[in-house]
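S.K.: coords below, sequence missing:
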């Protein structure tokens, strides 16, 4: 580890924190305004007319969920059809249709905001499929996640409403029109300025330095890159994702992309604080998110900079699988950000991360994508853990637990327990199936603990809707496409249903005024308890399998 | 599903490779619809309990 690399790492993280802090208050206030304003824009009214929905009708949580499920089902089937009919689409660059398992996996992946990619983007996806299919889902799947988080926040903010948590169509449309589209437009222009390409050029022949010739594919990359990061999606235009020089050309574009994938998840807690009329609650949530993220980023950076072996020490870090233009600092920070936010974009090969570095990446995802998590899913995941924290605190002192004036009774904690158990069940059962069935074993390229780490990473990435890959596992098979598809589907929509049920129950309750015996949930003590609960829940659930994978690998 | 009559001895019908693909399409579509319908059904029952 050299001093200059260390200062580069510190400088990048400091710049990032400063930029995120600068936009936290104004963007948080804007988001809160978007979801509380009674007025609709003209373009939004047009959308409601086209969809034939009444955007002013308050929906009970069940109606909100049915709208969400119906929208996602139609999106999924449409994307599946596009994948199966790809060879007949215009501007398809001569690619053939996806096979049924591949088309289904990709449809589930993009509708669930996971963006797991079993295929190579430039070789298997044409322009229309990328733009009309994948990029559209990048917007709307992110908007679905934010809508669910806002519905839960309304549940806390409202009192005695018969379970009414807002209107899904209004939340979805407003998120796209007022938040994601304008931000993505600005981000695309900024990315263009850093050298990311935006064109419809087919393969362009260029002469290489050594005198040979090479064909480079152009395409609408900057526009897709912007929402890929902003919506914590992660599906790259190119197979190399953000390691590709046309997708992420410089250290400046790299830092900009990291900022984009963190900005909404770190800002939503401010909107939460404003909507529940207690901004201190938002600060408590964002402080826990920030502490966990910074701890992960620091650990991962340290692990990569002090990589084992003479080669790594001579090079000043573990450079295998990393782009030299980003260095270990830019690669480690990106890896921490993408696994902490359920984005799944990568600018280095995660399979080449050092054992402790890869362990941190997996742990970030195992936390349930809450540090700071995906757009929307990070906030509702953290709020669910906050309920667990007040429940534990309530048990300690013998009081009925309350959070933001809402009592946590038997039914509420049952929903929370189901939420907490869903993803670990998927990860562990999925890993067990993959390592025990011949079809799963056939895809594992490395024997021993690293092979288990590869499978565990894939299952964790899918079930937590992250989408990044270790890339050492052969997943382009019907077995893995189906198994990972099921994990993505269940890992997204079952927690969403549970969160909306929770939102409905809270919205139905009368808000109880705080008393002298109420646990203050805005103070550092509670923030510490919340962070500890997150670590303990993950630790108790996953330590055995982590011990057999990354931990034993780093000790051997 | 594409079925074709066998002209001579052997199986009465054979499933072509296109037929297998069509079956897979149908299976994935049914799996998807069944999953979303199950979540919606469980939610409706839970919602009814909440309302009562």
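M.R.: Right, received. Where do you want to start? All figures in this text were calculated on a predicted structure; none of them were measured in a lab.
S.K.: quick one: residues contacting residue A:366.
M.R.: Counting by C-beta atoms under 8 Å, 6 or more residues apart in numbering or on different chains, residue A:366 makes contact with A:427, A:460, A:464, A:538, A:541-542, A:546. In this view, the C-beta of every residue, glycine as well, is placed from N, C-alpha and C.
S.K.: from those, which two are the most distant?
M.R.: A:464 and A:546 (14.7 Å; C-beta to C-beta).
S.K.: looking at the two, which is more packed in?
M.R.: Taking other C-beta atoms under 10 Å in any protein chain shown, residue A:464 and residue A:546 do not tie; residue A:464 has more neighbours (31 against 20).
S.K.: count of neighbours near residue A:145?
M.R.: 30.
S.K.: same question for residue A:4.
M.R.: By other C-beta under 10 Å, the residues close to residue A:4 number 10.
S.K.: in which helix or strand does it reside?
M.R.: For residue A:4, the host element (DSSP states H and E) is helix A:3-36.
S.K.: next structured bit after that helix?
M.R.: helix A:42-51.
S.K.: buried residues, that next one. List them.
M.R.: By neighbour count on 16 or more other C-beta atoms under 10 Å in any protein chain shown, the buried set for helix A:42-51 is A:44, A:47-48.
S.K.: in a markdown table: these, plus pLDDT and distance to residue A:34.
M.R.: Formatted as a markdown table, the buried residues of helix A:42-51 follow (pLDDT from 0 to 100; distance: C-beta to C-beta, whole Å):
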| residue | pLDDT | distance to residue A:34 |
| --- | --- | --- |
| A:44 | 97 | 11 |
| A:47 | 94 | 15 |
| A:48 | 96 | 16 |
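S.K.: could I get these as TSV with distance to chain B?
M.R.: Below are those laid out as TSV (distance: C-beta to the nearest C-beta, whole Å):
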residue	distance to chain B
A:44	26
A:47	23
A:48	23
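S.K.: which ones are touching residue A:369?
M.R.: Contacts of residue A:369 (C-beta under 8 Å, 6+ apart): A:340-342, A:377-378, A:381, A:464-466.
S.K.: with adjacent residues omitted, what lies nearest to the residue nearest in space to the middle of chain A?
M.R.: Residue closest to the average C-alpha location in chain A (C-alpha atoms, centre = their mean): residue A:342, at 2.1 Å. Distances taken as C-beta to C-beta, 6 or more residues apart in numbering or on different chains place residue A:374 nearest to residue A:342, at 3.5 Å, with adjacent residues excluded.
S.K.: okay, now the one you found: neighbour count?
M.R.: Neighbour number of residue A:374 under other C-beta under 10 Å is 35.
S.K.: can you confirm it is in a helix?
M.R.: No: with DSSP: H, G, I helix; E, B strand; the rest coil as the criterion, residue A:374 is assigned coil and is not in a helix.
S.K.: residues touching it, list them.
M.R.: By C-beta under 8 Å, 6+ apart, the contact list for residue A:374 reads A:113, A:142, A:145, A:232, A:265, A:341-343, A:465.
S.K.: swap the cut-off to 6 Å and go again
M.R.: Neighbouring residues of residue A:374 by C-beta atoms under 6 Å, 6 or more residues apart in numbering or on different chains: A:145, A:232, A:342.
S.K.: same deal with residue A:203?
M.R.: A:215, A:217.
S.K.: next: residue A:430.
M.R.: If you count contacts by C-beta under 6 Å, 6+ apart, then residue A:430 has A:459, A:487 around it.
S.K.: can you check residue A:496 too?
M.R.: By C-beta under 6 Å, 6+ apart, residue A:496 lies in contact with residue A:148.
S.K.: now it: phi and psi?
M.R.: For residue A:496, the backbone dihedrals (degrees, to the nearest 10) come out as phi -60, psi -40.
S.K.: same thing with residue A:214?
M.R.: Here is the backbone geometry of residue A:214 (degrees, to the nearest 10): phi -140, psi 150.
S.K.: I'd guessed it sits against residue A:207; true?
M.R.: No: checked against C-beta atoms under 6 Å, the pair residue A:214 and residue A:207 is beyond contact range at 7.9 Å.
S.K.: next, count neighbours for residue A:442.
M.R.: Neighbours around residue A:442, by other C-beta under 10 Å: 12.
S.K.: pLDDT wise, what is it at?
M.R.: Listed pLDDT for residue A:442 reads 92.
S.K.: am I right that the residue nearest to the centre of chain A is in a helix?
M.R.: No: counting by three-state DSSP, one finds residue A:342 to be coil, located in no helix.
S.K.: chain B next: which of the contacts of residue A:366 are close?
M.R.: When contact is defined as C-beta under 6 Å from any C-beta of the partner chain, the contacts of residue A:366 do not meet chain B at all.
S.K.: right, and the helix or strand after the strand or helix carrying residue A:332?
M.R.: Using DSSP H and E, the element containing residue A:332 is helix A:327-340. Remark: after helix A:327-340, the chain's next helix or strand is helix A:355-366, criterion DSSP H and E.
S.K.: rewinding a little: show me what the helix holding residue A:4 is packed up against.
M.R.: helix A:251-275, helix A:327-340 (3 or more C-beta pairs under 6 Å, 6 or more residues apart in numbering or on different chains; DSSP states H and E).
S.K.: ranking these by mean pLDDT, which is last?
M.R.: helix A:327-340 - the lowest mean pLDDT of the helices and strands packed on helix A:3-36, at a mean of 94.
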